[in-house]
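Q: can't give you the sequence, but here's the structure:
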């Protein structure tokens, strides 16, 4: 299974489940996989920013990846390999590809500023990991502080045939999708897959602008799948209705630095994670914040008919 | 009318209306004032970041301020006086206070990093404008890149008796409100007013954490007023119901760099502004974006019973 | 007198002299002018970052500019007009050009990141001030955080015929001079003047790379003039000998944030400024730092034969 | 051999020598060690920013460290263990300490802004590696973008007894040394060692302000040793004379991003490295830059009597 530009649908960004004492929680990984598959996911992304990758040692990183690969069977697993140096990036990329990953994801380091620095970095990264490993270009200025214009993305795509997908999480980002799809229409850029992130905060309109799906960690991947499907079927109002029902919680999850603890808490409340622990350094929800999330879940349950059964199924 | 720590409710951040040719549009200012008052605003803030203040010359800044002061009568008008140098800050602050402003708002310059730099800057700013002018401390890290901890805010409040209000727009920011109110409860910080910004994205919970109201530019100040009032009356579910109905549009407005053009467009659709022009350099909405906002307005109208009459009244 | 691409030699960046009580010190301005002219300056730049421009109100800015224009007679005076908004930039630019300035200098605001943002900003700035005002492009990443590649500079020069000079103070910056001169040689960029800043820290080699001169505030403009002249005459070793004699002090002056207080102190020691006061917010030299500068001046005097007479002439 | 607060003198920051094909060049490491010892070094620091640490895989990092430990015998070897996550930091720290390192060096990640974030990070880092491993606090704002005030450094030192040394490379930084030594004098901070970096650009005065020595990569560690010794003996003029002779080259080396290639080139010219290759991504000196360095070496040789013999001894 190798990632190619036809990839579409929902690729959840998987958190890494830990026990309270910091050990990796394999049983929770298995439940995550089961739920992602039941939610109609088309693949999964591990060791991303959300996945607390820098807190894992090399052996753990590989073990987690392997567990997802085995669980997802024929479906593609993408592995985040961003690293401060190319030596570490190369060795992780090779290890996970040999183990059966479908591709890797690379984020630019925060020090990059000019267009030339950015395009140069990706040329070097591809040279480092090898031109035969499909990669996902991560465009996430809010966290990474690197700003890529549509032209810069086009140049990276053009210079590096192994770039098969854009993880789009610029904000605001709707016009960027339109610009990139415009490049393809006019023939100035080859086809790539565009999956959107940012917690799904604009997924409703991103699908209408031409995104192929979502790659993000919102704790109800069922909603992501349904919105993507409804939009592809042209059922716009229904897509927005479902999306809007989730937006109060989704917005709450999509808080820089706090989001992961909200997500782990919701996934625990849903019975998927056995606990919401993070490895150090991590954030924890205050009692007030937990109560707020509980309230949002109650409200969501009332508005979204399907939610009741999801929670029941936990 | 002088601003003091008891200020509460909704202070809309006013945009500056322009004609297509760039001249200031006084008739639209008057309609803005009328609507803000009808929406139950408790004051207004002009010449903020949203108000395109750096594109105005000194005479224009003063003329706009004067028009709002005259229109708001006994209600307080706050004027943004942030400037790269204290000379300009002082002369604008003195001019608007003499003309009847209730207080000024000061944002820290982006170069500040350490706690000492930040507290030192506000000591100097207060020395520059004079200790008798009430001021609002603007805490907006996402745009200003300056990060103030609750302790730093407490120190600024303590060292500068003329600091009467915090414009809170940290993100995430709920715990910051709780921390500051906790300082007051334990007696380590005197009372100040806290009004929240960030386009209102967390207003529902900010009120529950202890905010006194909202200071932001969302194009339906009626909603802001109603949510603030409902929360103060303890009608939590109703507050969230109304808030959630607006959240899809509110989230769309709250996009960095794009937000102003969305707001001006909505205010024009509502018949308040005669056009949605910005002075250069400004952003304009694409046709796709306008259609998206139109769609959100239609959906909002369907969900929010009161909206129909608001639009009708335009 | 209008600035054009043939400008060359030394344009000191003038500090703004203040009395201890913060008033502008006109007598010191006159002594500065006298010394700059005696040192063989080919022009002067006022209201730059070093000139504490943001601490001046509009009337003061114009008065200082006028005094330098009158003092420099037929020689060109460049005026810094960088401002957070185009309204202020335009009005200052027009005012100083009407009063007889030769051109203006524009620095990009710190928020710019991508190549398109940077080139777009200068198109808009030129539109704002008018295409008939010659301007100097300031490239100073260390302070301004904006990084312009040689290609971006070429694009700005090409798109804006009124760009006549680059104030080069990238660091490291030697290869940038070589790249820009290479563009001119190959015919892909028209001729512009390149004067270098950064306190002169690399002036010795910048001249060899193709710079036309220096635009910086080192407190011994006599050295800058002599090094520029010696290099133009091909007297390389002598140029370096003189430069090296000054390097210990020059390096001490070229400290971010502290530099201005060192310069004002040296200019006071030289009898040019009546005192070394800065307007608030400003930095002051500690007693230890003053003693260090005194020691460096003593050592310089011992090594540089000409220095003795300079100091004597004070 | 364990690092403690009495450490003083010169600890060169070692570059990592590579062959042209990217393999590690052990023979050059051995010559580096020999020269460092001959120059009177009191220890050495490996795997720092200069050491291209992110381009090394785990096995290589350990092998290089071991070679330096064996070569330095009883003298302390400090190992840079900064990493994006604590898992990697802990495993490298434990591995090198078991192999005989004297301590580790930790730099803060660029995302830290407020005083609380910075002090919190070091508490967590110490918890991660263990409180029994002596560590050096690296304060390098120009590259790391993290600004620590003297008070923040004092808090880190006070909260973490295993902090035994400050690698001081703030710029400007002279007053910081004075402030920290002042804290010690007044009894508000315990004794720590302060070694200075920044390429040595202010070593002359840093020693006079109270530094214990230098930890930097200037390609003539002999000069660093001599200046440190002369200053400790109170031979101020001689210290400055020697320092000033090297300053033109030292300044050339101390260019962000270019410095390493200059240093490797000089070390190659001195016969210590067999070549000046860097691993990708790396910078290379242009022909013009090499010629400039050659010229600076010639001039240095003429001014510094001892240099001739150093080069001859290669």
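A: Here it is on my side, so go on. The structure displayed is predicted, hence computed values, not measured ones.
Q: are stretch A:206-225 and chain B in contact anywhere?
A: Yes: judged by CB under 8 Å from any CB of the partner chain, stretch A:206-225 comes into contact with chain B at A:208, A:209. To be clear about C-beta, it is placed using only N, CA and C from the backbone, and glycine gets the same treatment.
Q: and that stretch, end to end?
A: Stretch A:206-225 has an end-to-end distance of 14 Å (CA to CA, to the nearest Å).
Q: may I see the buried residues of it?
A: A:206-209, A:211-225 (16 or more other CB atoms under 10 Å in any protein chain shown).
Q: how about stretch A:264-284?
A: Going by neighbour count (16+ other CB under 10 Å), the buried part of stretch A:264-284 is A:264-270, A:272-274, A:276-279, A:281-282.
Q: again, but for stretch A:87-101
A: Within stretch A:87-101, the residues that count as buried by 16+ other CB under 10 Å are A:87, A:88, A:89, A:90, A:91, A:92, A:93, A:95, A:96, A:97, A:101.
Q: so which residues of chain A form helices?
A: Shown for chain A, the helices assigned by DSSP state H span residues A:26-38, A:58-72, A:86-98, A:115-129, A:141-144, A:150-159, A:174-185, A:203-209, A:221-232, A:236-253, A:259-269, A:287-303, A:305-313.
Q: check which helices and strands the second one sits against.
A: This means helix A:58-72. Packing partners of helix A:58-72 (3 or more CB pairs under 8 Å, 6 or more residues apart in numbering or on different chains; DSSP states H and E): helix A:26-38, strand A:44-46, strand A:77-80, helix A:86-98.
Q: pick out the shakiest of the helices of chain A, pLDDT-wise.
A: Of all those, helix A:305-313 carries the lowest average pLDDT, namely a mean of 50.
Q: return the backbone torsion pair for the residue in the stretch 101-250 of chain A that chain B sits nearest to.
A: Nearest residue of the stretch 101-250 of chain A to chain B, counting by CB to the nearest CB: residue A:172, 3.8 Å away. Dihedral angles phi and psi of residue A:172 (degrees, to the nearest 10) take the values phi -70, psi 150.
Q: ok, it touching residue B:257?
A: Yes: counting by CB atoms under 8 Å, a contact exists between residue A:172 and residue B:257, whose distance comes to 6.7 Å.
Q: so those two - more neighbours on which side?
A: More crowded of residue A:172 and residue B:257, by other CB atoms under 10 Å in any protein chain shown: residue A:172, with 18 against 11.
Q: quick check: residues of chain A near chain B?
A: A:171-172, A:174-175, A:178, A:201-202, A:204-205, A:208-209, A:240, A:243-244, A:247-248, A:251, A:255-258, A:286, A:288-289, A:292, A:299.
Q: just the buried ones from those, in ChimeraX syntax?
A: Selection of buried members from the residues of chain A next to chain B for ChimeraX, criterion 16+ other CB under 10 Å:
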select /A:171,172,174,175,178,201,202,204,205,208,209,240,243,244,247,248,251,255,258,289,292,299
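Q: Throw the helices of chain A into JSON lines and include distance to residue B:159, thanks.
A: Output for the helices of chain A, formatted as JSON lines (distance: least, CB to CB, whole Å):
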{"stretch": "helix A:26-38", "distance to residue B:159": "49"}
{"stretch": "helix A:58-72", "distance to residue B:159": "48"}
{"stretch": "helix A:86-98", "distance to residue B:159": "46"}
{"stretch": "helix A:115-129", "distance to residue B:159": "42"}
{"stretch": "helix A:141-144", "distance to residue B:159": "33"}
{"stretch": "helix A:150-159", "distance to residue B:159": "45"}
{"stretch": "helix A:174-185", "distance to residue B:159": "44"}
{"stretch": "helix A:203-209", "distance to residue B:159": "45"}
{"stretch": "helix A:221-232", "distance to residue B:159": "48"}
{"stretch": "helix A:236-253", "distance to residue B:159": "34"}
{"stretch": "helix A:259-269", "distance to residue B:159": "34"}
{"stretch": "helix A:287-303", "distance to residue B:159": "29"}
{"stretch": "helix A:305-313", "distance to residue B:159": "49"}
